[in-house]
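# I would like to see how this sequence folds:
(2 chains)
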Amino acid sequence: MVSLETDLNGLILKNPIIAASGTYGYNFEYNAFNDVKKLGAIVTKGVTLEVRGGNQGERLFETYGGMINRIGLENIGIYEFLKNQPKNLDYILNIAGACVEDYITCAKICEENHIKAIELNVSCPNVKAGCMEFGTDENLLYDLIKKFRQEYSGYLIVKLTPNVTSPEKIAQAVQKAGANAISAINTVKGMGIKLNFENGRFVKSTCEGGLSGKCIKPIALSFINRISKVVNIPIIGMGGIYTLNDVFEFLSVGASAIEVGTANFTQPDVCSKLVDELYEFMKKNKFKTIESLCEALRNG
Amino acid sequence: MSIGNKNNLGIVKSNKEVAYKTYKLELVSEGLNEINPGQFISIFCPNLTLRRPFSVADFDEDKKVITLYYRKKGEGTEYLTKLENNNEVMFSGPLGNGFNVEVDKKSLLIGAGIGVAPLFYLKKKLLKSFFIAGFKSENEVFNKYDYVKIGGSIVEDVERIIWENNIQKVYSCGPLIVLKKVYEICKKSNVKVEVAFEKVMACGIGVCKGCTINIKDGKIIKNVTVCKDGPVFKGENIIW
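Numbers count the residues shown, from 1 in each chain, chains lettered A, B, ... in the order given. Below is the predicted model of the structure:
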């Protein structure tokens, strides 16, 4: 018997394949393309305390091997989300905020509503502290998670930004503050430029935002490899995962589960296919558990 | 909705150049049932992150044949030109909300460039229509129209045609600048107009919010997605 059950030390998933925030909606929307129930979980689109309209102007820019987005967290707000919570679906609620108070209010709301698991997006600028991103300063991040933890007793995952100089320090602060797990990496800061030379002058349009897709996989692998050496809470790896081999690479550097993001845009049924392929691989090669597979990969 | 019904596979029936850099692609896809004019499909292109959206130019429900027209422009359409008969194509669709087809109304269809594509399928569903098209040059013209303008702007003739033909409704697709002018003329002529938009998209089903535009909904301004809420919008709701 092959079991894909994945124990993230407090959160048990039926398999380690998770759809990443912002690429799968809030609910069963991707049933249009595949059976969402097959996945280990989905992470919802990021919600904030208030409804947000997001950024004006062009929001997407395709790059070589990836894309840049600057959606600006357009979302329905936490109250609206709670009104139509997914039923019979394993989901992780992604939460973002513009200041500590917003996050804490969300923590209280989630506690009251018995939200089982949260992924905290900390790659947002703190508008009350010079717009420094929470996730780039270990002290700011430690305080935020500590306060969030005091209000929320469920399973807490903190999603880390790669746009830092010392991932180790950040990861240690997250663990010390009481998070149950780390997910990484969020998008990489990037800029796309389109230049046209028309009637003797350059016409330029730009898109600055978060780079994702195949091109960021080496950055993600390096990041996870570094932090897995200094923390012992589970790591959920992501960044450019498209294939089963990509999944294996992430597990081999210390991830216990993975998230698929941008690939959902390229191949909208990729998540359920990865679940099938993982099962087939394990069956064929006589791996009975995810732990045994991970162990073999880490020793490889 | 049955699970996975937007995830489809097409077999290339034909793929040929019909005018300068303009191609006609026919796909057979057994999974398809109903498609409304103005809806689109999004095609997977190897080595590219984003699927490429193309509006449906015809659909034969019995033979399950979908027709697209595309203009060779970038890497996505470059891939399409290389497709040969019996090749497999992965696509999502049909997606989006199409035209609100008012069968009996005397309709004017205005296409500019490759924007004519969805209007062929729309024309099939209308009883009384007049189809006009604008192209930059003679070698870009494909298919038949009631009136064709080469060079210059197709919109120059719209006001007269509306008046001469007692047009009750206008449908248009093409570059934003053309749609805007069409809307202004329709407003002046007191005729309702629906326009089909184009935008870079990611998910195709309205969840990623990558292709939003602002529209007027009564007195409020709200975000809508071109891929799910559109690509067709009422002219009067657009913030031009």
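
# what residues does chain B put near chain A?
Proximity of chain B to chain A (Cβ under 8 Å from any Cβ of the partner chain) is limited to residues B:1, B:3-7, B:44, B:48-51, B:90, B:92, B:200-212, B:214, B:223. C-beta here means a position set from N, CA and C on the backbone, and glycine is covered the same way.

# now those: which count as buried?
Neighbour counting over those (16 or more other Cβ atoms under 10 Å in any protein chain shown) leaves B:3-4, B:6-7, B:44, B:48-51, B:90, B:92, B:200-212 as the buried ones.

# for the chain, which segments count as helices?
Answering for chain A, as no chain was given. Along chain A, counting by DSSP state H, helices occupy A:78-83, A:100-112, A:138-151, A:167-176, A:217-228, A:244-252, A:263-266, A:270-284, A:290-298.

# correction: the question concerned chain B.
So, for chain B - with DSSP H - the helices run B:75-81, B:117-125, B:158-164, B:176-189.

# deepest of these, which one?
Across those, the average number of neighbours (mean count of other Cβ atoms under 10 Å in any protein chain shown) peaks for helix B:117-125, which reaches a mean of 22.

# show me what that one is in contact with.
B:35, B:37-38, B:40, B:54-59, B:67-70, B:98-99, B:101, B:103, B:109-111, B:129, B:131, B:143, B:171, B:173, B:196 (Cβ atoms under 8 Å, 6 or more residues apart in numbering or on different chains).

# nearest residue to the middle of chain B?
In chain B, the C-alpha nearest the mean C-alpha coordinate belongs to B:P118, at 3.6 Å (Cα atoms, centre = their mean).

# where does the prediction get shaky in chain B?
Across chain B, the ranges flagged by pLDDT under 70 are B:1.

# for B:N166, see how far away the nearest residue to B:K181 once chain neighbours are set aside is.
Spatially, and ignoring its direct neighbours in sequence, B:K181 is nearest to B:V155 (4.2 Å; Cβ to Cβ, 6 or more residues apart in numbering or on different chains). Computed as Cβ to Cβ, to the nearest Å, the B:V155 to B:N166 distance reads 19 Å.

# and whatever residue of the stretch 101-250 of chain A ends up closest to chain B, what does it touch?
Of all residues in the stretch 101-250 of chain A, the one sitting closest to chain B is A:G213 (5.0 Å; Cβ to the nearest Cβ). By Cβ under 8 Å, 6+ apart, the contact list for A:G213 reads A:63, A:65-67, A:240, A:262-263, B:49.

# who wins for most neighbours among those?
A:T262 (30 neighbours; other Cβ atoms under 10 Å in any protein chain shown).

# for that one, report the pLDDT, please.
Note on A:T262: pLDDT of 98.

# wait, it touches A:G240, no?
Yes. With contact defined as Cβ atoms under 8 Å, A:T262 and A:G240 form a contacting pair (7.2 Å).

# where do the contact lists of the two overlap?
A:66, A:212-214.

# pick the one among these closest to A:P268.
A:P268 lies nearest to A:G213 out of these, by Cβ to Cβ, at 14.6 Å.

# who's the nearest residue to that closest one once chain neighbours are set aside bridged to?
By the measure of Cβ to Cβ, 6+ apart, the closest residue to A:G213 outside its immediate chain neighbours is A:G66, 2.8 Å from it. Per DSSP bridges, the residues bridged to A:G66 are A:T63.

# so A:G66 touches A:T262, yeah?
Yes. The criterion here is Cβ under 8 Å, and A:G66 meets it with A:T262 at 6.6 Å.

# give me the common contacts of these two.
Here A:G66 and A:T262 have A:212-214, A:240, B:49 as joint contacts, going by Cβ under 8 Å, 6+ apart.

# if we can go back for a sec, can I get the shared contacts of A:T262 and A:G240 in TSV with pLDDT?
Below are these laid out as TSV (pLDDT from 0 to 100):
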residue	pLDDT
A:G66	98
A:S212	97
A:G213	98
A:K214	98
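
# picking that back up, residues near the residue nearest to B:K181, how many?
23.

# surely it meets B:K188?
No. With contact defined as Cβ under 8 Å, B:V155 does not count as touching B:K188 (11.8 Å).

# show me the contacts for the residue nearest to B:K149 when sequence neighbours are not counted.
Nearest residue to B:K149, sequence neighbours excluded (Cβ to Cβ, 6+ apart): B:G134, at 4.5 Å. By Cβ under 8 Å, 6+ apart, the residues touching B:G134 are B:110-113, B:148-150, B:152-155, B:174, B:178.

# ok so, going back, just the shared contacts of A:G66 and A:T262 now: which is nearest B:G74?
So of the shared contacts of A:G66 and A:T262, ranked by how close each gets to B:G74 (Cβ to Cβ), first place is B:T49, at 12.8 Å.

# look up how far A:E259 lies from that closest one.
For B:T49 relative to A:E259 (Cβ to Cβ), the value is 17 Å.

# sorry, back to before: could I get the contacting residues of the residue nearest to the residue nearest to the centre of chain B when sequence neighbours are not counted?
Once flanking residues are discounted, B:P118 sits nearest to B:S55: 3.8 Å by Cβ to Cβ, 6+ apart. Residues near B:S55 by Cβ under 8 Å, 6+ apart: B:38-40, B:68, B:117-118, B:173, B:196, B:231.
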